[in-house]
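Chemist: what shape does this take:
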Amino acid sequence: MMLPAGLMISAPASGAGKTTVVLGLLAALRARGLRVQPFKNGPDYIDPAFHEAAAGRLSFNLDSWAMDTGRLARIVDRAAGADLILAEGSMGLFDGVARPGAAGTGASADIASTLGWPVIAVLDVSGQAQSAGAVAAGLARFRPDLRLGGVILNRVASPRHEALVRAGIEAAGLPVLGALPRDSCLAIPERHLGLVQAQEQADLPARLATLGTLVARHADLDAILALAAPTRTGTPRSGTPRSAPVPPPGERIALARDAAFSFAYPHLIADWRAGGATILPFSPLGDQGPDDSATCAWLPGGYPELHAPRLAAAQGFLGGLRRFAQTRPVHGECGGYMVLGAAITAADGTRHAMAGLLGLETDFARRRMHLGYRLARPLVPLPGALGRAAMAGHEFHYATTTAQPDAPLARVTDATGAPVPETGSWRDQPGGARVSGTFFHLIAPADQAPS
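Modeler: Just a heads-up that it's a prediction; the model follows:
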């Protein structure tokens, strides 16, 4: 299988403007008629949706902590037929966990090195000039297995500022591939888990067109394209067989999908379909219950706390979910888990009753961030083919648990192997079916992850 050449867009730290630059590049290259396949390093549901809007192609996550090289290769195979791969890094280029997982620490540098992609660093140069050259030089020399192909300057204040920064970068022996001006109108709205979701921004197409025009004007697209290097995924012959699809939780999966339940990884849904499952989307915010022909229901994460009054009033959804749960398994991840519980207390202190299929109660009035990779070993079988296999994933939310009376679902540890108190929970229903949930988001089976 022939795969396109690729590039990794990264930065020294979060907040440098990686997403803005990637979206601008995707829009500018698409306007040229190129088919660009986007990817995102690490656990992230929000940025890939913006990638999809800009590129017109689904964006997939790559994660060196949770995915072994065979699974990375399987996901990168989805770029076949594109003209270019453009991957967006997470945090700083070398930032990951201390203890390696399946294929690395989760750092963007691991993915770039494994797949052979040169790195373009986005540098926020506000507040500095020639010193940016020292930052670029450090990035270029930190890992000998990685190639830093050049830099794109962001938040440049003036032509004089740009000239001074360019002098520092050129002294470090690196090319400047673009210089984007400081412009507050280019900022994308944010909230507590990241950017405001793509589906919530009616003006997103206009914003992307503006970004594409700006990047085309202020970056050397031909030089950027010339830097792309062949994608190196290996073959079964060279010892990197593609991993099997992530097994589906049922043959016909009722999947909650709307602005409150949007955190479902595209690679998982694609794998479930490859495993023979049929996906049956339904909208809790539209007061829809699970399709009665489904064999299981799956409620992914999202922002139920922002829609708690509407969900509490959606009696068609809640009643349909309760009836479904009497005879078929139901599982929730993070936000979906909260909605399966007894109640959510919103940031203003108002308590909203939820499905009551589990005893979990969560509170956003007392916010506390929970963040990090997770390894979960289920104590009881999960729905369908998932069974009791260990799973690698992540946790990211701000809810405080105020009640969790049910039996723990899994033994959960973090990336260092330390126990995590958020174990999830389960409860069998009177009709014999099982409802389960966890704050843990599944990324991949953990047969290659640390024990």
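
Chemist: where does the stretch 151-300 of the chain have low pLDDT?
Modeler: Residue ranges of the stretch 151-300 of the chain with pLDDT under 70: 184-202, 234-240.

Chemist: hey, where'd the strands end up in it?
Modeler: Under the criterion DSSP state E, counting those that start in this stretch, the stretch 151-300 of the chain contains strands at 176-181, 190-191, 194-195, 252-256, 278-282, 296-299.

Chemist: so which of the ones you listed is the most packed in?
Modeler: By mean neighbour count, with neighbours taken as mean count of other C-beta atoms under 10 Å, strand 296-299 ranks first of the strands of the stretch 151-300 of the chain at a mean of 28. To be clear about C-beta, it is placed using only N, CA and C from the backbone, and glycine gets the same treatment.

Chemist: residues contacting that strand, please?
Modeler: Residues from elsewhere that reach strand 296-299 (C-beta atoms under 8 Å, 6 or more residues apart in numbering): 249-250, 252-256, 261, 284, 290, 321, 324-325, 328-333, 335-337, 339-340, 383-384, 437.

Chemist: please apply the same query to stretch 124-131.
Modeler: By C-beta under 8 Å, 6+ apart, stretch 124-131 touches 11, 15-17, 132, 153-157, 161, 164-165, 167-168, 171, 182.

Chemist: okay, now D258: neighbour count?
Modeler: Look at D258: counted by other C-beta atoms under 10 Å, it has 16 neighbours.

Chemist: ok, it - contacts?
Modeler: Contacts of D258 by C-beta under 8 Å, 6+ apart are 283-286.

Chemist: of those - the most surrounded one?
Modeler: P284 (29 neighbours).

Chemist: can you pull the contacts of it?
Modeler: P284 touches 256, 258, 260-261, 299, 311, 314, 317, 339, counting by C-beta under 8 Å, 6+ apart.

Chemist: Throw the residues you listed into a markdown table and include distance to G138, thanks.
Modeler: Shown next, in a markdown table, are those (distance: C-beta to C-beta, whole Å):
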| residue | distance to G138 |
| --- | --- |
| A256 | 45 |
| D258 | 44 |
| A260 | 42 |
| F261 | 42 |
| L299 | 44 |
| L311 | 48 |
| A314 | 52 |
| F317 | 52 |
| V339 | 46 |
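
Chemist: closest to A244 among those?
Modeler: Among those, L299 lies closest to A244 (C-beta to C-beta), at 25.1 Å.

Chemist: what about the closest one, distance to L360?
Modeler: The gap separating L299 from L360 is 13 Å, by C-beta to C-beta, to the nearest Å.

Chemist: give the residues shared as contacts by the two.
Modeler: Common neighbours of L299 and L360 (C-beta under 8 Å, 6+ apart) are 337, 340, 437.

Chemist: test my guess that the first one contacts W426.
Modeler: Put plainly, it is Y337. No. The criterion here is C-beta atoms under 8 Å, and Y337 misses it with W426 at 10.6 Å.

Chemist: burial measure for the closest residue to G116 other than its chain neighbours, as a count.
Modeler: In this structure, G116 finds its nearest non-sequential neighbour in R232, 3.5 Å apart by C-beta to C-beta, 6 or more residues apart in numbering. Using other C-beta under 10 Å, R232 is surrounded by 16 other residues.

Chemist: and the helices in the protein, which stretches?
Modeler: For the chain, applying DSSP state H gives helices covering 18-31, 46-55, 69-76, 108-115, 131-141, 159-171, 204-218, 221-227, 266-274, 308-313, 315-325, 335-340.

Chemist: select, out of the ones you listed, the one closest to A390.
Modeler: Nearest of those (C-beta to C-beta): helix 69-76, 14.3 Å.

Chemist: in the closest one, what counts as buried?
Modeler: 69-76 (16 or more other C-beta atoms under 10 Å).

Chemist: including pLDDT and distance to D271, could those residues go into CSV?
Modeler: Shown next, in CSV, are the buried residues of helix 69-76 (pLDDT from 0 to 100; distance: C-beta to C-beta, whole Å):
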residue, pLDDT, distance to D271
T69, 94, 17
G70, 94, 13
R71, 95, 10
L72, 96, 14
A73, 95, 14
R74, 94, 8
I75, 96, 9
V76, 97, 14
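
Chemist: ok, so of those residues, who is nearest D348?
Modeler: Using C-beta to C-beta, I75 is the member of these that lies nearest D348, at 40.4 Å.

Chemist: what's the spacing between that closest one and I253?
Modeler: Using C-beta to C-beta, I75 is found at 20 Å from I253.

Chemist: which regions of the stretch 301-450 of the chain lie under the pLDDT threshold?
Modeler: 447-450.

Chemist: so P419 sits against A410, correct?
Modeler: No. P419 is beyond contact range of A410, at 11.1 Å (criterion: C-beta under 8 Å).

Chemist: okay, those two: which has more neighbours?
Modeler: In this comparison of P419 against A410, neighbours counted by other C-beta under 10 Å, the higher total goes to A410 at 25 against 9.

Chemist: surely the more buried one meets S436?
Modeler: No. With contact defined as C-beta under 8 Å, A410 does not count as touching S436 (9.2 Å).

Chemist: let me see the contact set for the closest residue to P266 other than its chain neighbours.
Modeler: Excluding the flanking residues, the one nearest P266 by C-beta to C-beta, 6+ apart is L58, at 5.0 Å. L58 is in contact with 48, 52, 78, 266, counting by C-beta under 8 Å, 6+ apart.
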